[in-house]
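J.: take this sequence and fold it.
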Amino acid sequence: MLRFGSRNRRERTHTLATALPFALNAPLLAFFAVYALWTPHTQTIRWRLLGNALILLALICSAICVALIVTDRRHRRMLSPLVRPGEQIAGVFGAELVDLSENGQPVGTKRILLTLTNQRLLLHRPGRDSEPWLELEHEEIATVKGGKPVMCSGLRRCVLHTLRLTDDRELHVRMSAGTASDFVVPSDRYLVTVTDLREMRALVVAAKGPTPSRPELPLDAILAGGNPTLCLLSLNENYLQVGGEDLSPLSDLHHYFHWEHMTIGELKPAGMEGLPESWRSLTLCFHQRATMKLCGTSRAMRRLRQTALSRGASKLHVVGGD
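T.: The predicted structure follows:
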């Protein structure tokens with residue numbers, strides 16, 4: 001069953017982070033309104049006007065909070081048929097796609113919704129169906145330059161982000177200052193190029209047998225709830241370490257696998273419903289007793305295989321490899 005962010009309850013989406021201040025302010029305003037209207041020594045016209053104004057503000061805050069949460073839930077329900085196995089939504093952000101002239105001035109804007117997941121970035125047109133008009137894998141985004149303050153309509157303070165793709169296209173995305181501050185953390189985590197080339201992400205779709213470093217622990221314990229799980233891989237000099245992307249590399253020292261004790265198969269089609277046809281799968285075998293099947297983009301799986309072979313892994317000859 002597909003789940004949104006169940007592996008990390010601390011993950012906060014932009015919508016919930018925005019709704020929380022309104023949810024907290026509403027009861028506070030209501031308290032002051034009660035004080036202004038019903039405390040005996042405040043029974044004056046000015047206090048009554050103040051109390052009525054506070055009640056109105058409390059109702060507005062409550063309405064905004066409910067509207068934000070309902071809109072977010074509706075968007076997520078619309079996206080659920082598109083969510084891949086192991087995919088989690090990191091945030092949904094309102095933004096504008098900006099066309100810049102040669103001197104860097106905006107010449108046209110288009111309202112969009114950005115849906116950032118742990119696997120890709122989706123661009124939607126607001127108010128339409130859930131099908132994204134642009135879908136980008138994380139590795140298709142070469143650099144993200146953000147933090148440039150600009151002015152929007154109505155003298156609003158905004159921030160301009162520039163996403164340069166691996167095919168040299170550039171997307172200029174403008175967000176309000178509040179939205180941009182919420183976008184920074186998931187953007188740094190998933191979109192900003194990782195300087196440590198030893199790290200990568202891959203989807204673990206199957207695992208069986210004992211964990212080599214701890215035989216009493218089944219290897220499939222790495223799967224969250226037995227479902228395909230996106231894991232963070234560390235390609236160290238002597239071993240491969242596989243861990244949950246929300247955990248510190250030192251949180252679990254059992255899921256490490258020495259290259260010289262590993263055999264690795266050929267790249268094959270992912271062959272799993274919900275994954276892109278361009279994705280490839282790779283089977284790793286440890287000590288001839290345990291196996292793990294990983295899926296990812298062709299580029300990522302090829303990099304993993306080449307690294308493994310260059311550091312001592314042997315080939316696992318599988319009939320039908322592509």
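
J.: can you pull out the helices in the stretch 201-322 of the chain?
T.: Taking DSSP state H, counting those that start in this stretch as the criterion, the stretch 201-322 of the chain contains helices spanning 298-310.

J.: try the stretch 51-200 of the chain
T.: Using DSSP H, counting those that start in this stretch, helices in the stretch 51-200 of the chain cover 177-190.

J.: which phi and psi does H287 have?
T.: H287 has phi and psi values of phi 60, psi 20 when expressed as degrees, to the nearest 10.

J.: now it: how far from P215?
T.: Taking CB to CB, to the nearest Å as the measure, H287 falls 10 Å from P215. Every C-beta, even on glycine, is put in place using the N, C-alpha and C of the backbone.

J.: kindly report the same for A33.
T.: In terms of CB to CB, A33 sits 65 Å off from P215.

J.: looking at those two, which is more packed in?
T.: A33 (20 against 13; other CB atoms under 10 Å).

J.: contacts only, for the more buried one.
T.: 51-52, 54-55, 58 (CB atoms under 8 Å, 6 or more residues apart in numbering).

J.: any chance of those in TSV, plus distance to N236 and neighbour count?
T.: Shown next, in TSV, are the contacts of A33 (distance: CB to CB, whole Å; neighbours: other CB atoms under 10 Å):
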residue	distance to N236	neighbour count
G51	64	19
N52	65	13
L54	59	20
I55	61	17
A58	55	20
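
J.: doesn't A95 make contact with T179?
T.: Yes. The pair T179 / A95 is scored as a contact, 6.9 Å apart, by CB atoms under 8 Å.

J.: the two - which one has more neighbours?
T.: Per other CB under 10 Å, whichever of T179 and A95 has more neighbours is A95, with 23 against 19.

J.: does that one touch V173 like I think?
T.: Yes. Using CB under 8 Å, A95 is in contact with V173, at 5.0 Å.

J.: which residues are common contacts for the two?
T.: With CB under 8 Å, 6+ apart, A95 and V173 have common neighbours 112, 114.

J.: between the two ends of stretch 255-271, how far is it?
T.: Taking CA to CA, to the nearest Å as the measure, stretch 255-271 stretches 25 Å from start to finish.

J.: may I see the buried residues of it?
T.: 255-259, 262-270 (16 or more other CB atoms under 10 Å).

J.: can you check stretch 221-229 too?
T.: 222-224, 228-229.

J.: ok, stretch 146-161 next?
T.: Here stretch 146-161 shows 146, 152, 158-161 as buried, counting by 16+ other CB under 10 Å.

J.: stretch 21-35 now?
T.: Result for stretch 21-35 [16+ other CB under 10 Å]: buried residues 22-23, 25-26, 29-30, 32-33.

J.: where in the stretch 1-150 of the chain is pLDDT low?
T.: For the stretch 1-150 of the chain, the stretches with pLDDT under 70 are 1-18, 41-42, 71-72, 75-76, 78, 104, 127-130.

J.: which residues in it form strands?
T.: 89-100, 106-117, 120-124, 134-137, 141-151 (DSSP state E, counting those that start in this stretch).

J.: can those strands go into CSV with extra columns for distance to R77?
T.: As requested, these are exported to CSV (distance: least, CB to CB, whole Å):
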stretch, distance to R77
strand 89-100, 12
strand 106-117, 13
strand 120-124, 14
strand 134-137, 19
strand 141-151, 27
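
J.: so which of those is nearest T291?
T.: Of all the strands of the stretch 1-150 of the chain, strand 134-137 sits nearest to T291, with 25.9 Å by CB to CB.
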